[in-house]
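Trainee: Quick one: sequence and predicted model below, then my questions.
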Amino acid sequence: MSGWTQQWSPEHKRDFYHNPATGESVWDQPQDGSPIRFLENIDELRKTAGLASGSRPAPMPTAMLASLLLPIALVLLGLFLLHLYVAKYHPELLQESAKKRRDRAQLRRKEKASKYRAKWKMSQDGKGGRSANS
């Protein structure tokens with residue numbers, strides 16, 4: 001049984017584990033019980049990469065931002081495409097809701113306005129004539 005060997009990736013500036021028998025490579029230390037042959041100079045390799053002993057490099061902020069914004073962008077894109085589909089193949093659904101809103105607004109305006117509208121405002125003396133202030 002050959003087990004795992006610890007290797008260093010200069011590109012990613014971190015260590016990984018490789019199993020020569022299976023050809024498998026993993027970033028985290030394997031927990032399958034196989035023996036692991038550790039590198040003796042891993043601390044020197046980490047120091048030359050600018051890392052503290054036993055630490056991992058910080059994830060890139062752009063990658064974290066992209067991983068957070070990607071699902072939101074996909075949902076918004078899906079909603080936009082759904083709207084386009086409905087507008088093209090079922091425009092009556094959008095027209096009905098717009099018509100209902102318009103009708104509801106007209107009803108509200110009718111309820112507020114009185115049937116009788118005076119031509120002129122009543123003057124301050126109550127005689128109905130136009131005053132200098134109105």
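Mentor: Perfect, I can see it now.

Trainee: so when I look at residue 17, I'm seeing a strand, right?
Mentor: Yes: membership of residue 17 in a strand is supported by DSSP: H, G, I helix; E, B strand; the rest coil.

Trainee: Distance of it relative to residue 93?
Mentor: Residue 17 sits 56 Å away from residue 93, going by CB to CB, to the nearest Å. For every residue, glycine as well, the C-beta is placed using N, CA and C.

Trainee: In terms of neighbours, single out the busier of those two.
Mentor: Legend: neighbour count by other CB atoms under 10 Å for residue 17 and residue 93, higher for residue 17 (20 against 11).

Trainee: what bridges to the more buried one?
Mentor: Beta-bridge partners of residue 17, counted by DSSP bridges, are residue 6, residue 26.

Trainee: Would you mind identifying the helix or strand in the protein with the lowest mean pLDDT?
Mentor: helix 42-48 (a mean of 70; mean pLDDT, DSSP states H and E).

Trainee: list the helices and strands the following helix or strand past it packs on?
Mentor: As assigned by DSSP states H and E, the chain's next helix or strand after helix 42-48 is helix 61-89. Secondary-structure packing of helix 61-89 (3 or more CB pairs under 8 Å, 6 or more residues apart in numbering; DSSP states H and E): helix 91-112.

Trainee: Could you check how far the helix it packs on is from the centre of its chain?
Mentor: Taking CA atoms, centre = their mean, to the nearest Å, the mean C-alpha location of helix 91-112 is offset from the chain mean by 33 Å.

Trainee: what pLDDT, on average, does it get?
Mentor: Averaging pLDDT along helix 91-112 gives 77.

Trainee: Now do it and helix 61-89, the angle between them.
Mentor: 80 degrees (axes from the mean of the first three to the mean of the last three CA atoms, to 10 degrees).

Trainee: Give me the contact list for helix 91-112.
Mentor: With contact meaning CB atoms under 8 Å, 6 or more residues apart in numbering, helix 91-112 is reached by 86, 87.

Trainee: Next one, pLDDT for residue 69 please.
Mentor: On the pLDDT scale, residue 69 gets 92.
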